[in-house]
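**Student:** Quick one, fold the following:
(one chain, ligands or ions: 2)
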Amino acid sequence: MRVHTRIIDIDDRSPQESAVEEVSAILKAGGVVAVPTETVYGLAADALNPAAVRRIFEAKGRPADNPLIVHIASEAMLPSLVKSIPVGAVRLARRFWPGPLTMVLEKSSVIPDETSAGLPTVGIRMPSHPVVRSIILQSSLALAAPSANRSGAPSTTTAEHCIEDLDGRVDAIVRSGPSSVGVESTVISLAQTPPRLLRPGAVTLEMLREELGEVAVDEAVTGPIDSVSRASAPGMKYRHYAPKARVQLVRGDVEAFTWYVNAHAAPGAAALCFIGEDKGLRLPAVLLGKGPEDAAHSLFAALRDFDRKGVQTVYVHCPDTVGMGLAVYNRLQRAAAFDVVDV
Ligand code: TXA
Ligand code: MG
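**Tutor:** Ligands and ions are numbered 1, 2, ... in the order given. Take a look at the predicted model:
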């Protein structure tokens, strides 16, 4: 018999104290709980409790060599988790924390190997979402939390998506509103010189360069990694964010996109593009909104929707890679397993 996971409703704006206490108690006892953040929902457990962290990997079906991000809610929580705090980290924290930025730093000995997947570094993020913040403050726990999806599936941006993926596999799911950003945090390594962008997000490459000057861009940000062992962010090497449907990215102007997609119109095919780009299409289209911020917000829900509707092939108009566009492009490439056609 399937045992359903407990659903705990918590208000986004003013988290109810009793519900926050209930979640804290589960986490302190070594439990695993899906919680909302401003980027995507996360699957949280005590980052310093190896047994609790192992349960995250089990619930997600996540490969053990993929490290977890540790979430904090105050500057005071940082020093014990890392070996040193470089000047660049202070600059970034001052401008972007709390918010959608993860910094990879040399880890201290309190971080178990389970959390860092055996790496000498750890990713740290201070989220801005009031619910996860109050859970961290109430429990006084640093929380390890990957995105709250089954490994390989699109990340979850609503509690309903978490229930779809994790019901019966975790101790509780917090139900708040949808995540406002919609794609996962920017990941930058400050454990090397120059700092290196490992995953693009809402804190854009342009913003990072304003604060730090030179920032290197890891190969995994824009292309496939052929040598698996070279992956600097292990999470970037897996086929990822993938719906069951086959996804193809179509790069070119709107006319070329329209022509190509119409030439491939068939039952079970659909298009994914921005508002206005669907005018001449002869097959069903799902719209990503007006610009890259809208696209980030709606992307993962759109990918899940295609499966619900039984769509078999999705043709996506490739976005520009400026600003937030780079994060959207990076997720689409992985959803498409790097199937990109230039038209
Ligand atoms: O927005 C987010 O970051 C969400 C929410 C829940 O905070 N979390 C999230 O976690 O996206 P996850 O586990 O799905 O993605 C973490 C990414 C992976 O690509 C992982 O390989 C990379 O960050 N990462 C984590 N720690 C790292 C480290 N020490 N060195 C290099 N990459 C690391
Ligand atoms: Mg993930």
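**Student:** How far does the helix or strand of the chain with the lowest mean pLDDT sit from its chain's centre?
**Tutor:** Scoring the helices and strands of the chain by mean pLDDT, DSSP states H and E places helix 219-222 at the bottom, with a mean of 91. Between the centre of helix 219-222 and the centre of its chain there are 16 Å (CA atoms, centre = their mean, to the nearest Å).
**Student:** next helix or strand past it?
**Tutor:** Per DSSP states H and E, the first helix or strand lying C-terminal to helix 219-222 is strand 246-251.
**Student:** For the chain, list the residues in contact with ligand 1, please.
**Tutor:** Within reach of ligand 1 by CB under 6 Å from any ligand atom, the chain has these residues: 37, 39-40, 42, 66-69, 102, 104, 116, 119, 121-123, 125, 127, 145-147, 184-185, 187, 198-199, 232-236. Just so you know, the C-beta spots here come from the backbone N, C-alpha and C atoms, and that holds for glycine as well.
**Student:** OK, contacts around Ile56?
**Tutor:** Ile56 sits next to Val32, Leu43, Ala44, Ala45, Arg62, Leu68, Ala144, Ala145, Pro146 when contact means CB atoms under 8 Å, 6 or more residues apart in numbering.
**Student:** Between those residues, which sits nearest Asp11?
**Tutor:** Of all the contacts of Ile56, Asp11 sits closest to Ala44, with 18.3 Å by CB to CB.
**Student:** Quickly list what the closest one is bridged to.
**Tutor:** Beta bridges link Ala44 to Val33, judged by DSSP bridges.
**Student:** what about the closest residue to Val82 other than its chain neighbours, which SS state?
**Tutor:** Closest residue in space to Val82, ignoring its immediate chain neighbours: Leu105 at 4.3 Å, by CB to CB, 6 or more residues apart in numbering. Secondary structure, DSSP: H, G, I helix; E, B strand; the rest coil: Leu105 is strand.
**Student:** who's in contact with Leu105?
**Tutor:** Taking CB under 8 Å, 6+ apart, we find Leu105 in contact with Val82, Lys83, Ser84, Ile85, Pro86, Ala89, Thr121, Val122, Ile124, Leu190, Ala191.
**Student:** Return the subset of the residues you listed lying in helices.
**Tutor:** Counting by DSSP state H, these place Ala89 in helices.
**Student:** which one of the contacts of Leu105 is nearest ligand 1?
**Tutor:** Of all these, ligand 1 sits closest to Thr121, with 3.9 Å by CB to the nearest ligand atom.
**Student:** From Lys107, how far out is that closest one?
**Tutor:** 6 Å (CB to CB, to the nearest Å).
**Student:** Val83: how many residues sit nearby?
**Tutor:** Slight slip there: residue 83 is Lys, not Val. Look at Lys83: counted by other CB atoms under 10 Å, it has 14 neighbours.
**Student:** right, and it touches Ile111 too?
**Tutor:** No: checked against CB atoms under 8 Å, the pair Lys83 and Ile111 is beyond contact range at 10.1 Å.
**Student:** in the stretch 201-343 of the chain, which spans are helices?
**Tutor:** According to DSSP state H, counting those that start in this stretch, the stretch 201-343 of the chain carries its helices in the segments 205-212, 219-222, 254-263, 292-308, 325-335.
**Student:** just to revisit the earlier point, drop anything exposed from the contacts of Ile56.
**Tutor:** In terms of neighbour count (16 or more other CB atoms under 10 Å), the buried residues within the contacts of Ile56 are Val32, Leu43, Ala44, Ala45, Arg62, Leu68, Ala144, Ala145, Pro146.
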